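Chemist: Have a look at this fold, sequence not included:
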């Protein structure tokens, strides 16, 4: 899970990219980077931390040019503490390519060997983004002759890349002196949208980004999602061409985007994230009504912010009062995407404060978007009890997370998932709640897809079914061993 943006404009893009990354900050807080292209010259700045901390006035002045891209990072491969693994990544041939990537490659072992022994390319980091930009560079090199580059050559290179690369990837690249390239994996697991606006008499300007809210804020029209397996090439003069580059593309987007990752004011794959979360609340309310003793709920409370739409619907459907009992410190980042259990646990009480006037003597139903490691949930239950709650029923708008997620969310090991190998009563005991209720898998899928043309979702962390078909038990064991080492 990262946030990416690319812009081709008639004006300097540095501020536009900066503003876009600020809107995508919820997708990554480890590091950030911006690159711009001025003719065939690149300018780049990247640093650890959040967008508002990373760029000074002198940095922005150096980011000249009318074409650019940016990235906010949430580390799933490589080290969060290593600034060298912050994106974008650059290779100098052919032409010079700078690339940002949201996702996670699952055949990194094979690609590393191929790049070293066959393609003769050297890697400096353990980042799969460096692998991806080198595969792109190698395939582009095989297509070009001389200094000229046409879109057909680019699309052939992406077709070959799809054949070699496995996993999830939404990527944006700048090719020096030629244009901007955006492409998405053949399953469309990670999101990518295309936007356009008219700038006076100059012509069309283009943007590609992880979420549609970036387009709306910048005054761009949402043209469409980048299709699974598709590549889009935008020349420096604004001419846009696109082509399907995968043999058998299928749209199977990540369900966790709708549950937690995306901002509610975004639309992904034609599905409103906010409306999907409302429907998740409707379905969850039915399950709560089946399993919770009558009269054991006085008030419904959300864990701000991503669970609020679901909690509102739960309260409305159950006919129970909705209250905001937890106050959120907005200057603490999202605890789920913080590296390390100790850091997450420490941040829970810094992030949330339980107002005792809303808890004292009441039977509380708490709605959260999901329960992953259980660190946050356990602390929240304890906070509710310390604030005077009589009974605490904890509910999740998502099903139990029982399996590692290998497509770009930091859930790589089974041992850290509270639901792995446990039944719901055992999880309830671990959390310290009186009752624990999860969304059903079928209900989650139906709630997200209702009214859309999308027919399937990537739900591996809930079901153990990996849509790319290449994630084996041996691979999962290797990932886990590397994570623990």
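Modeler: Nice, thanks for sending it over. Since the model is a prediction, treat every value here as computed from it, not as a measurement.
Chemist: By mean pLDDT, point me to the weakest helix or strand of this protein.
Modeler: For the chain, using mean pLDDT, DSSP states H and E, the weakest element among its helices and strands is helix 341-351, scoring a mean of 61.
Chemist: after that one comes which helix or strand?
Modeler: Where DSSP states H and E defines the elements, the next helix or strand beyond helix 341-351 is strand 352-354.
Chemist: Buried residues of the helix or strand following that next one, list them for me.
Modeler: Past strand 352-354, further along toward the C-terminus, the next helix or strand under DSSP H and E is helix 356-359. Of all the residues in helix 356-359, those buried under the rule 16 or more other C-beta atoms under 10 Å are 358, 359. In this view, the C-beta of every residue, glycine as well, is placed from N, C-alpha and C.
Chemist: could you give me the average pLDDT of helix 356-359?
Modeler: Per-residue pLDDT values over helix 356-359 give a mean of 93.
Chemist: Show residues contacting it.
Modeler: Defining contact as C-beta atoms under 8 Å, 6 or more residues apart in numbering, one finds that helix 356-359 is touched by 299, 301, 323, 324, 325, 384, 387, 388, 389.
Chemist: would you list every one of the helices in the stretch 1-150 of the chain?
Modeler: Under the criterion DSSP state H, counting those that start in this stretch, the stretch 1-150 of the chain contains helices at 14-23, 51-54, 57-62, 108-117, 128-143.
Chemist: What of the stretch 151-300 of the chain?
Modeler: With DSSP H, counting those that start in this stretch as the definition, the stretch 151-300 of the chain shows helices at residue ranges 151-164, 212-217, 255-256, 273-291.
Chemist: so what does the third one touch, helix or strand wise?
Modeler: Counting contacts by 3 or more C-beta pairs under 8 Å, 6 or more residues apart in numbering; DSSP states H and E, helix 255-256 packs against helix 441-449.
Chemist: Centre of the chain to the next helix or strand after the helix it packs on, how far?
Modeler: Beyond helix 441-449 on the C-terminal side, the first helix or strand identified by DSSP H and E is helix 460-463. Relative to the chain's own centre, helix 460-463 is displaced by 16 Å; criterion: C-alpha atoms, centre = their mean, to the nearest Å.
Chemist: Pull the residues that contact helix 460-463.
Modeler: Counting contacts by C-beta under 8 Å, 6+ apart, the residues outside helix 460-463 that touch it are 255-256, 398-407, 409, 411, 441, 444, 466-467, 471.
Chemist: what about 7 Å?
Modeler: Outside helix 460-463, the residues within contact range by C-beta atoms under 7 Å, 6 or more residues apart in numbering are 256, 399, 400, 401, 402, 403, 405, 411, 441, 466, 467.
Chemist: contacting residues for the residue lying closest to the third one once chain neighbours are set aside?
Modeler: Residue nearest to residue 400 in three dimensions, not counting chain neighbours: residue 419, with 3.6 Å by C-beta to C-beta, 6 or more residues apart in numbering. Each residue near residue 419 by C-beta under 7 Å, 6+ apart is listed here: 400, 401, 402, 427.
Chemist: Now list the buried members of those.
Modeler: Of the members of the contacts of residue 419, the ones counted as buried by neighbours, 16+ other C-beta under 10 Å, are 400, 401, 402, 427.
Chemist: which residues of the stretch 201-350 of the chain score low on pLDDT?
Modeler: In the prediction, the stretch 201-350 of the chain carries residues with pLDDT under 70 at positions 201-202, 330-347, 349.
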